[in-house]
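Undergrad: What follows is a protein structure lacking sequence information:
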Ligand code: ATP
Ligand code: MG
């Protein structure tokens, strides 16, 4: 729908910490594309831990309403979460994903041109709505006076099957891209999907995830016959990822494994500040850098804006503007290749704004 309109309404949710420092990169990038996309209109929206501390609400109704009724898409910065339980607080990003039914978190991880290191070009498709993130935890005191804590881990056929379909569709899309540009990824074989699980131990939950994703392919062989379906037990996945990341194409994982694997994959490409994501559902999408609010570097103006700029490209591509998304990624890659304007996480001395300036100049 967005493609035929003449404006693009984007909800902007900076939230906390460096989220506020990197989100302007999204706005500046979209503005720099000029008339090649519908005129972007930015609607600032509130959410976050800081907001909770000021107002007692982490995610105002108004933010959800505006996203649902007025926006074509959204960009999210980052949220801080306290490490201990705070009465009345729950993470607004987790809630947003649920309210907007953004059931997939798509995280492309690619090694940096010009920097040595591992050869990696894969997509992690992380289930976004359930697993341990249903956050049903309980602490009880045992008769001997010691405590016991339990957490519920929910896996449903519905959520597993739609995330499976998302992974297969992405694999087909990447396969087509590889035919046009074989150097686009390190994996050279047919489209491949790797299911990450631990069903040898958790046969009910991970067993259901694994079987459901498998059955998505089996029930639509006409469409998915070209896809190679593999699996990795999550611990072995970590080992393979660190030893030979080039063998992966698309991986699909329940929520928590997807979260952990993503940070590991980010380390392989040099910085969390490079890795973008898209929270996607059937009718809405929201770009979000994979990193958190990074309190250790907050307020210094040195946060890497590239994860946010790449997330903007993911959102644009999802809205049908694939060519403009590709232009953004080329501009990012060329700045990385030159290596003149890099933030400290990549060994440089540049400020956030200088990196944005360099990228927009290429655009
Ligand atoms: P949170 O609880 O919000 O996730 P965190 O302490 O886990 O906070 P992260 O944001 O996850 O912090 O970051 C982990 C590490 O990566 C930190 O050392 C942080 O400085 C670094 N980092 C994360 N994002 C960026 C970025 N955009 N640019 C530079 N460094 C980053
Ligand atoms: Mg973190």
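TA: Perfect, I can see it now. If you're wondering where the values come from, they're calculated on a predicted model, not measured in any experiment. Ligands and ions are numbered 1, 2, ... in the order given.

Undergrad: CA only for contacts and neighbour counts going forward, please
TA: OK.

Undergrad: And the residue of the stretch 51-200 of the chain that's closest to ligand 1?
TA: Among all residues of the stretch 51-200 of the chain, residue 80 sits closest to ligand 1, at 4.2 Å; criterion: CA to the nearest ligand atom.

Undergrad: I'd guessed that residue sits against residue 296; true?
TA: No - counting by CA atoms under 8 Å, no contact exists between residue 80 and residue 296, whose distance comes to 11.7 Å.

Undergrad: quick one: which of these two has more around it?
TA: The residue with more neighbours, out of residue 80 and residue 296 and counting by other CA atoms under 10 Å, is residue 80; that gives 19 against 9.

Undergrad: quick one: which helix or strand includes that one?
TA: Here residue 80 sits in a region with no helix or strand, counting by DSSP states H and E.

Undergrad: which residues does it contact?
TA: If you count contacts by CA atoms under 8 Å, 6 or more residues apart in numbering, residue 80 has them with 16, 17, 48, 49, 292, 293.

Undergrad: 7 Å instead, please
TA: With contact taken as CA atoms under 7 Å, 6 or more residues apart in numbering, residue 80 is in contact with 16, 17, 49, 292, 293.

Undergrad: Quote the end-to-end distance of stretch 144-157.
TA: Terminal residues of stretch 144-157 lie 39 Å apart, using CA to CA, to the nearest Å.

Undergrad: which residues are in contact with that stretch?
TA: Taking CA under 7 Å, 6+ apart as the rule, stretch 144-157 contacts 130-132, 134, 136-142, 205, 208-209, 212.

Undergrad: Go through the contacts of residue 80 and say which is closest to residue 225.
TA: Taking CA to CA as the measure, residue 292 is the one of the contacts of residue 80 closest to residue 225, at 38.0 Å.

Undergrad: doesn't residue 79 make contact with that closest one?
TA: Yes - if you go by CA atoms under 7 Å, residue 292 and residue 79 touch, sitting 6.3 Å apart.

Undergrad: mind listing what the residue of the chain found nearest ligand 1 touches?
TA: For the chain, the residue positioned closest to ligand 1 under CA to the nearest ligand atom is residue 292, at a distance of 3.0 Å. By CA under 7 Å, 6+ apart, the residues touching residue 292 are 78, 79, 80.

Undergrad: ok, back up a step: next step: the contacts of residue 80 restricted to strands.
TA: The members of the contacts of residue 80 all map outside strands under DSSP state E.

Undergrad: Taking the residues you listed together, which two end up most distant?
TA: Set against one another by CA to CA, the contacts of residue 80 have their most distant pair in 49 and 292, with a gap of 12.3 Å.

Undergrad: Can you pull the residues that touch both of these two?
TA: When contacts are counted by CA under 7 Å, 6+ apart, residue 49 and residue 292 have 79, 80 as shared neighbours.

Undergrad: Surely residue 43 is within a strand?
TA: Yes - residue assignment for residue 43, taken from DSSP: H, G, I helix; E, B strand; the rest coil, places it within a strand.

Undergrad: does the nearest residue to it once chain neighbours are set aside sit in a helix or strand, and which one?
TA: Counting by CA to CA, 6 or more residues apart in numbering, residue 11 is the residue found nearest to residue 43 once chain neighbours are left out, at 4.7 Å. Assigned by DSSP H and E, residue 11 belongs to strand 7-15.
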